[in-house]
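# Structure here, sequence nowhere to be found:
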């Protein structure tokens, strides 16, 4: 992506409010994150961690306030520069591991297309031709992570990313996140468990 | 373009795999048309008069049968979130999905028509006419049905609603599709007039469908 000055990239929200199903989840939330930084969004269940990620990803419309990205690619909108890794893994059970990954690589279109490399990194090189329906929960999560590697995007929005990952998987994922941050990326993760990297905590919801 | 080609390729591939939607539609079409001669009885003249209507009804119901899953599956596994966030305009992505559905579920119906025409005592010309009208008309069914499929995702539990929403939109297609086929078999109308209207319906839905579906999906972000 030419013209991106990632050192100055800054994601910020001012007075963000979220209403779901007629109920106010949170309001007046201010946050900011700069390139190379990981923000861990914490809070009790139902405090709106996932909602905040979906607001940033443009999948929900904020009831108030603004979310803006400074210093990103001016040609692209904020959601187009984000990777969203949600609870649902966007994998088709009927397609093989390789077919799933190559579809997202083609569809999302990236700078880099190191297909075998990213599968090897997440530890799925042996299962390339296996239908995704036969994968375990942890393996499905690993395949979703391969998507983040195959298509480069500066902002990662991660919702409970370490769920279902085993200890070695969590180590591997910690390494991936550190790589991403050192390249000037930005991570916003909703989590209960420690991510294994240095993070800044953003607590939402009342302190209870 | 690669993005849209990838989306079409993926959807067609899923539909053709075991458990995909393509075979279900064709089997349903086959069942309806095969059972009809038994229900109507051994009156060959009556059967060939009803033939185009039976084929059209079968094709319409078969294409509606699988259409409500068009966005639902992607919504359930989170793919729709990523499609919405991508650099591909949502309208084009919707059009690509509808095209893929038509290739996987609509085209096989047209291929099966000549075989099923035999069961309904239709001659070569009549079967050709029905197949041609289906070729011109089924895109309209898919693209208007897509609007209902998008609303079904937005409104949750909308499977039943979809049939109610889509059926009125598909009635003109049915009327002119059968009229054009009948014109060839019994006359007295010309084939051209209803067939042109059928093509026009398809073209209009080709334009309106993707925009309406994308608007519905955007509005229902949740």
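Sure, I can see it. Predicted model, so just to flag it, every value in this text is computed and none were measured.

# ok now do the closest residue in space to residue B:218 that isn't next to it in sequence, which residues does it touch?
Spatial nearest neighbour of residue B:218, chain neighbours left out: residue B:90 (6.5 Å); criterion: Cβ to Cβ, 6 or more residues apart in numbering or on different chains. Any C-beta I mention is one placed from the backbone N, CA and C, and that applies to glycine too. Contacts for residue B:90 (Cβ atoms under 8 Å, 6 or more residues apart in numbering or on different chains) come out as B:83-84, B:214, B:217-218.

# Mind giving me the packing neighbours of the helix or strand where residue B:113 lies?
Per DSSP states H and E: residue B:113 is located in helix B:107-119. Applying 3 or more Cβ pairs under 8 Å, 6 or more residues apart in numbering or on different chains; DSSP states H and E, one finds that helix B:107-119 contacts helix B:21-40, helix B:44-67, helix B:124-155.

# Swap in 10 Å and give it another go.
helix B:2-16, helix B:21-40, helix B:44-67, helix B:124-155 (3 or more Cβ pairs under 10 Å, 6 or more residues apart in numbering or on different chains; DSSP states H and E).

# Is the first one positioned near chain A?
Yes. With Cβ under 10 Å from any Cβ of the partner chain as the threshold, helix B:2-16 lies in contact with chain A, specifically through B:2-7, B:9-11, B:13-16.

# For chain A, what's its nearest residue on chain B.
Residue of chain B nearest chain A, by Cβ to the nearest Cβ: residue B:78 (3.0 Å).

# State the distance from that residue to residue A:88.
Between residue B:78 and residue A:88 the computed distance is 3 Å (Cβ to Cβ, to the nearest Å).

# overlap in contacts of the two?
residue A:144 (Cβ atoms under 10 Å, 6 or more residues apart in numbering or on different chains).

# mind listing what's buried in the top helix by length along chain A?
Scanning chain A for the helix with the most residues, using DSSP state H, yields helix A:167-182. For helix A:167-182, a neighbour-count test (16 or more other Cβ atoms under 10 Å in any protein chain shown) marks A:169-170, A:172-173, A:176-177, A:180-181 as buried.

# burial count for the residue of chain A found nearest chain B?
Proximity of chain A to chain B (Cβ to the nearest Cβ) peaks at residue A:88, 3.0 Å away. Residue A:88: 16 surrounding residues under other Cβ atoms under 10 Å in any protein chain shown.

# Next, the contact list for it, please.
For residue A:88, counting by Cβ under 10 Å, 6+ apart, the contacting residues are A:144, A:159, B:75-82.

# how about a cut-off of 6 Å?
Applying Cβ atoms under 6 Å, 6 or more residues apart in numbering or on different chains, we find residue A:88 in contact with B:77-78.

# Am I right that it is in a helix?
No. Assigned with DSSP: H, G, I helix; E, B strand; the rest coil, residue A:88 falls outside any helix and is coil.

# which phi and psi does residue A:203 have?
Backbone torsions of residue A:203, given as degrees, to the nearest 10, read phi -100, psi 130.

# Settle this for me: it is touching residue A:42, isn't it.
Yes. Using Cβ atoms under 6 Å, residue A:203 is in contact with residue A:42, at 5.2 Å.

# Tell me which of these two has more neighbours.
Under the criterion of other Cβ under 10 Å, the comparison of residue A:203 against residue A:42 puts residue A:42 first, with 17 against 13.

# residue contacts, that one?
Taking Cβ under 6 Å, 6+ apart, one finds A:201, A:203 in contact with residue A:42.

# For residue B:54, give me its contacts.
residue B:36.

# now with 8 Å?
Residue B:54 neighbours (Cβ under 8 Å, 6+ apart): B:32-33, B:36, B:120.

# Could you do residue B:194 as well?
B:176-177, B:179-180, B:183.

# what does stretch B:125-141 rub up against?
B:48, B:51-52, B:55-56, B:59-60, B:63-64, B:102, B:106, B:109-110, B:113-114, B:117-118, B:122, B:170, B:173, B:176-178, B:180-181, B:183-185, B:191, B:195, B:198-199, B:201-202, B:204-206.

# Return the set of buried residues in it.
Result for stretch B:125-141 [16+ other Cβ under 10 Å]: buried residues B:126-141.

# State the pLDDT value of residue B:207.
On pLDDT, residue B:207 comes in at 93.

# between the helix or strand hosting it and helix B:124-155, how many degrees?
Element membership for residue B:207, per DSSP H and E: helix B:192-219. Helix B:192-219 and helix B:124-155 are oriented at 20 degrees to each other (axes from the mean of the first three to the mean of the last three Cα atoms, to 10 degrees).

# Next up, phi/psi of the residue positioned nearest the centre of chain A, please.
By Cα atoms, centre = their mean, chain A has its centre lying nearest to residue A:157, at 2.6 Å. The phi and psi values for residue A:157, taken as degrees, to the nearest 10, are phi -110, psi 110.

# I figured it hits residue A:82, correct?
Yes. Taking contacts as Cβ atoms under 8 Å, residue A:157 lies within contact range of residue A:82: 5.4 Å.

# anything in contact with each of those two?
A:56-57.

# Let's have the residues of helix B:2-16 next to chain A in JSON lines, adding neighbour count, distance to residue A:136 and pLDDT.
Shown next, in JSON lines, are these (neighbours: other Cβ atoms under 10 Å in any protein chain shown; distance: Cβ to Cβ, whole Å; pLDDT from 0 to 100):
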{"residue": "B:2", "neighbour count": "11", "distance to residue A:136": "31", "pLDDT": "85"}
{"residue": "B:3", "neighbour count": "19", "distance to residue A:136": "30", "pLDDT": "86"}
{"residue": "B:4", "neighbour count": "19", "distance to residue A:136": "32", "pLDDT": "89"}
{"residue": "B:5", "neighbour count": "12", "distance to residue A:136": "31", "pLDDT": "90"}
{"residue": "B:6", "neighbour count": "20", "distance to residue A:136": "26", "pLDDT": "89"}
{"residue": "B:7", "neighbour count": "26", "distance to residue A:136": "27", "pLDDT": "91"}
{"residue": "B:9", "neighbour count": "17", "distance to residue A:136": "27", "pLDDT": "91"}
{"residue": "B:10", "neighbour count": "24", "distance to residue A:136": "23", "pLDDT": "90"}
{"residue": "B:11", "neighbour count": "25", "distance to residue A:136": "26", "pLDDT": "89"}
{"residue": "B:13", "neighbour count": "18", "distance to residue A:136": "23", "pLDDT": "89"}
{"residue": "B:14", "neighbour count": "21", "distance to residue A:136": "21", "pLDDT": "88"}
{"residue": "B:15", "neighbour count": "23", "distance to residue A:136": "26", "pLDDT": "87"}
{"residue": "B:16", "neighbour count": "15", "distance to residue A:136": "26", "pLDDT": "85"}
